[in-house]
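Have a look at this prediction, sequence included:
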Amino acid sequence: MPVLNEIGYLERAVRTVLAQDVAGPVELVIALAPSTDGTSELARSLAATDERIVLIDNPAADIPVGLNLAIRAGRYPTVVRVDAHSELEPDYTRRALQTLEGMRAANVGGVMRADGRSPFQRAVARAYNSPIGLGGGAYHGGTQAGEAESAYLGVMRRAVLDEVGLFDESIRRGEDWELNLRIRRAGYRVWFDPSLSVTYWPRESWARLVRQFYATGRWRGELVRRFGRGNSLRFFAPPLLVLDIVLAVVVGLLQLTGVISGVWSFVASIVYVPLALYALLIIVVALGNGGGRGWRDKLWTAAVLPSMHLSWGAGFVSGVARGAHDTVDTSRLGSRNTPLP
């Protein structure tokens, strides 16, 4: 578990891990990045009450670095990746181990069930749980078990990780997708099991959500630069939306200034069609059951979905054009750079 500034979530996350029904020895290795909100002190307090908690330092505050440090410090043949912003169902690990063995898989993951404590966070959670929000990846609400492109968090065989290499420390977002790509290319199976459920608590504010999705989109653009067609087509929808908005603005200015008119203006107006359809889609989703119960919920949903799509798409375009370089997710610490989830 990589951790940074999770004072409001860490204890509950740790309790759900330690409460797992597993027939065998268990340890929880927490990679502590330098927190400023008392998270490290809380982690030490928790470790003092349970010998299964192992603390290691992650001064770099990078997710893949922290994960690799934790994996190397681990003693057992199965690695269960967990997150301080997530809570496991009591039988999560037991079921995952059964699936890992039964399907002869190298990595098994389940469904990310986002939830919220405030109206905004609940709106983000609804977007996460909707195929419209995050593009329909299996772990965002899939119901059919089967081989998968990637796995949310993941229950992994240590021997396979040692063979293909651990997390790529040069990748600060999307490191799990890249690891699963290597696992699959090595001939191993990544398996999705919808009976596995993890509660995930998304960002609590608009600014943090936008910063998170911009950084994630930019790293996806970097992964496209590195791996090309290894990326799913669904990743290209938000950047195409962003590019269409830019093109629509240019066309609109040319029409207003009279640079294009008549038949050519009519033909150029086709760029507005995708935007109109997108706006209609957002309205339909917001007004439907997926938009929440009352008008306040539905308005939040209508605002959150484009925020996620456009920030992710803008990051993607920038990542493809210029690479990700040292882009990190600053959504956990105000203005400080941190890529932790």
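Thanks, I have it. Residues are numbered from 1 along each chain as shown.

Let me see the mean pLDDT of stretch 258-271.
When pLDDT is averaged along stretch 258-271, the result is 95.

all numbers from here: first residue = 11
Okay, using 11 as the starting number, the last item reads as stretch 268-281.

Output it as PDB, nothing but the C-alphas.
Output in PDB follows, covering the C-alpha atoms of stretch 268-281 (Å, rounded to 0.1, in the frame of the first residue of the first chain):
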ATOM      1  CA  GLY A 268     -16.600  36.200 -42.600                       C
ATOM      2  CA  VAL A 269     -13.400  34.400 -43.700                       C
ATOM      3  CA  ILE A 270     -15.600  31.500 -44.700                       C
ATOM      4  CA  SER A 271     -19.300  31.800 -45.700                       C
ATOM      5  CA  GLY A 272     -22.000  30.400 -47.900                       C
ATOM      6  CA  VAL A 273     -21.600  26.700 -48.800                       C
ATOM      7  CA  TRP A 274     -18.200  26.400 -47.200                       C
ATOM      8  CA  SER A 275     -19.500  27.700 -43.900                       C
ATOM      9  CA  PHE A 276     -22.300  25.200 -44.100                       C
ATOM     10  CA  VAL A 277     -19.900  22.300 -44.700                       C
ATOM     11  CA  ALA A 278     -17.500  23.500 -42.000                       C
ATOM     12  CA  SER A 279     -20.400  23.500 -39.500                       C
ATOM     13  CA  ILE A 280     -20.200  19.700 -39.400                       C
ATOM     14  CA  VAL A 281     -17.600  20.100 -36.600                       C
END
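
which parts of that stretch are buried?
Ile270, Ala278, Val281 (16 or more other Cβ atoms under 10 Å). The C-beta positions use only the backbone N, C-alpha and C, and glycine is treated the same way.

residues in contact with the closest residue to Leu264 other than its chain neighbours?
Among residues not flanking Leu264 along the chain, Ile270 sits closest, at 4.8 Å (Cβ to Cβ, 6 or more residues apart in numbering). Shown in contact with Ile270 (Cβ atoms under 8 Å, 6 or more residues apart in numbering): Val261, Leu264, Ala278.

go on, Pro316?
Applying Cβ under 8 Å, 6+ apart to Pro316 gives the contacts Ile292.

So what does it look like in phi/psi?
phi -60, psi -30 (degrees, to the nearest 10).

how much space is there between it and Asn139?
Using Cβ to Cβ, to the nearest Å, we find Pro316 at a distance of 17 Å from Asn139.

ok, now which ones touch Pro248?
When contacts are counted by Cβ under 8 Å, 6+ apart, Pro248 is found next to Gly227, His319, Leu320, Trp322, Gly323, Phe326.

What helix or strand is it located in?
Using DSSP states H and E, Pro248 sits in helix 247-266.
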